[in-house]
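**Q** Can you look at this prediction? I've put the sequence above it.
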Amino acid sequence: MSEPQLKSKTAKGLLWGGIGNGAMQLLNLFFGIFLSRLLSPADYGTVGALTIFSATAGIFAESGFTLAIVNKKTISDDDYNAVFWFNLVAGLAFYLLLFALAPAIAAFYRMPEMIPLARFLFLGFFFGSTAAAPTAYFFRNLKVKERSQIQIIAIFVSGTVGVICAACGWGYWGIAMQTVLYSGVNALCIWIRCPWHPTLSFKMPALLSMLPFSSKQLFTSLFTHINNNFFSVLLGRFYGMRETGYYTQGSKWTTMGYSTIFGMINSVGQPVFRETIDDPERLQRVFYKMLRFTAFVSFPAMFGLGIIAEELIVLTITAKWLPCVPVMQILCVWGAFMPIATLYSNLFNSLGRPNIYMWNTIALGLLQLVSVLISYRWGLQAMLVVYTSINVLWLFVWHHFGNQYAGLRLWKVLTDIAPYLLISLLVMALTTWMTRPISSPLLSLIAKIVIAASLYTLLMWRLNSVVFRETIQYLFKRKS
């Protein structure tokens, strides 16, 4: 693919990734507000405590074959068929296993009422496993627009049903219904829109050819999900469902913030890097440019979310959720840097080095687990500070391997992201100082958003930011 074609396809993918993920997060916000007003922290904690089990089973069912398909230089129907049938059988097997283990899981949390909830909630990952192959088709072919439309439909349908269930007094079943229905509607719509359809053919050599790559993705994804969810397990065990609910709520709002940026980068990162792996200099140029764009968007968005956290929580889901504000603010710091780690992971996968991604993720996960087990006795906030600090500092480890295998220079990376980091911190500090006299949560929220957005835009324009200029030109279809 030529340079102009790649640039155009990347820009289009980033645009639709941003629009799609932005719309999805707004819908999540809308439905989340209603659910949070109707339900209690304990309801969220009960469902959140089960997340790690369904997420882990879903990873084993998918086994890394989605990214293996994306990373193959040439692909055939045999590859798609092999992945489809494997994921279908594996998904069913793991669902039946967890169905049988539901009483043991409920006993671990000392909540017998969890048994039917767990058995229903685990249907979500099974529905997801049925659509792994067509999802890989969309991802490989950069069908970002179509994928975004499907996810928006799934969120709307599942969110509507979830709110209705909660309004009828179903408690945590409303969240469970929303989760399972999202996976089911998403899988159904993917199959309707996907031009590829499976046959009864299954060829083991096709599956085995992807196994070296997919096995590394499996272990990487496993540790990633364990890292993302072990807080819920520890809190549910040691602190109770109420504290788990505050963490789940704060984490959910932070995730809604960075998912838009993460979705933009992740939807195009690996396919675009794959197009440039035969030209190291071109690969470096593409990486640095995507890095600058990521920093340009991620730092102001996540730091901005952190400074409006209190007003946002009070105005949307009421003051009963105020204990989740510090959780949200701490996680916003990691959320600002997380898309950069995503860029590095996409790079290693594209270079055919999933082992680097795997071992780094495993080492990071083990370090986080040990540090959290040591710090949990000092409370949730102490655990989150340790967790966030380790994740941010680990970016230097990611870069070490980026330098080794792609020739990326640390000084270049730091000088690319430093201006956006420093300007974002300055803007948020000034905004917080300027709005301190405002006592009304609504006026404070509006003032913070307007002032921060205006200051950041003004500074980008005055400093003649190339990323800012190119973004404006693309959005308004103007040529320099």
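**A** Perfect, thanks for sending it.

**Q** which residues in the stretch 301-450 of the chain form helices?
**A** Ranges of helices in the stretch 301-450 of the chain, per DSSP state H, counting those that start in this stretch, are 309-317, 325-350, 354-375, 380-393, 395-406, 410-434, 441-462.

**Q** Please identify the deepest-packed of these.
**A** Comparing the helices of the stretch 301-450 of the chain by mean neighbour count (mean count of other CB atoms under 10 Å), helix 325-350 comes out on top with a mean of 23. In this view, the C-beta of every residue, glycine as well, is placed from N, C-alpha and C.

**Q** Show me what it is packed up against.
**A** Packing contacts for helix 325-350, counted by 3 or more CB pairs under 8 Å, 6 or more residues apart in numbering; DSSP states H and E, involve helix 65-71, helix 241-274, helix 280-307, helix 309-317, helix 354-375, helix 380-393, helix 395-406.

**Q** OK, contacts around E310?
**A** Going by CB atoms under 8 Å, 6 or more residues apart in numbering, E310 touches 322, 325, 441.

**Q** Please report the distance of the closest residue to the first one other than its chain neighbours from Y172.
**A** Pointing back at L322 there. Excluding the flanking residues, the one nearest L322 by CB to CB, 6 or more residues apart in numbering is I313, at 6.3 Å. I313 is 20 Å from Y172, where distance means CB to CB, to the nearest Å.

**Q** Let me know the next secondary structure element after the one helix or strand Y95 maps to.
**A** If you go by DSSP states H and E, Y95 is part of helix 77-108. Per DSSP H and E, helix 77-108 leads on to helix 114-121 as the next helix or strand towards the C-terminus.

**Q** Tell me the spacing between the residue positioned nearest the centre of the chain and T342.
**A** The residue lying closest to the centre of the chain (CA atoms, centre = their mean) is S259, at 4.8 Å. Applying CB to CB, the value for S259 to T342 is 11 Å.

**Q** returning to that earlier point: closest one to I192 among the helices and strands packed on helix 325-350?
**A** helix 65-71 (18.9 Å; CB to CB).

**Q** What is the neighbour count of the spatially closest residue to T457 that is not a sequence neighbour?
**A** Distances taken as CB to CB, 6+ apart place F468 nearest to T457, at 7.9 Å, with adjacent residues excluded. When neighbours are defined as other CB atoms under 10 Å, F468 has 18 of them.

**Q** contacting residues around F468?
**A** 296, 457, 460-461.

**Q** tell me the pLDDT at it?
**A** At F468, the model reports a pLDDT of 76.

**Q** and if you look at L117?
**A** For L117, pLDDT reads 88.

**Q** So it sits against Y172, correct?
**A** Yes - using CB atoms under 8 Å, L117 is in contact with Y172, at 6.7 Å.

**Q** if I look at the two, which residues touch both of them?
**A** 46-47.

**Q** Pick out whichever of the two has more residues nearby.
**A** Comparing L117 with Y172 by neighbour count (other CB under 10 Å), the higher total belongs to Y172, at 25 against 21.

**Q** if I pick that one, what's in contact with it?
**A** Listed by CB under 8 Å, 6+ apart, the contact set of Y172 reads 39, 43-44, 46-47, 117.

**Q** Closest to Y405 out of those?
**A** So of those, ranked by how close each gets to Y405 (CB to CB), first place is V47, at 40.3 Å.

**Q** element containing that closest one, please.
**A** Per DSSP H and E: helix 41-62 holds V47.

**Q** That helix to helix 114-121, inter-axis angle?
**A** On the basis of axes from the mean of the first three to the mean of the last three CA atoms, to 10 degrees, helix 41-62 is oriented at 50 degrees to helix 114-121.

**Q** next one: phi and psi at R436?
**A** phi -60, psi -40 (degrees, to the nearest 10).

**Q** How many residues are close by it?
**A** 9.

**Q** T46 too?
**A** With other CB under 10 Å as criterion, T46 counts 28.

**Q** Report pLDDT for the closest residue to it other than its chain neighbours.
**A** With CB to CB, 6+ apart as the criterion, T46 has its nearest non-adjacent residue at 4.8 Å, and that residue is Y172. The score at Y172 is 78. That number is its pLDDT.

**Q** L121 versus Y172, what's the distance?
**A** The value you get for Y172 to L121, if CB to CB is used, is 9 Å.

**Q** any common contacting residues for those two?
**A** Counting by CB under 8 Å, 6+ apart, the residues touching both Y172 and L121 are V47.
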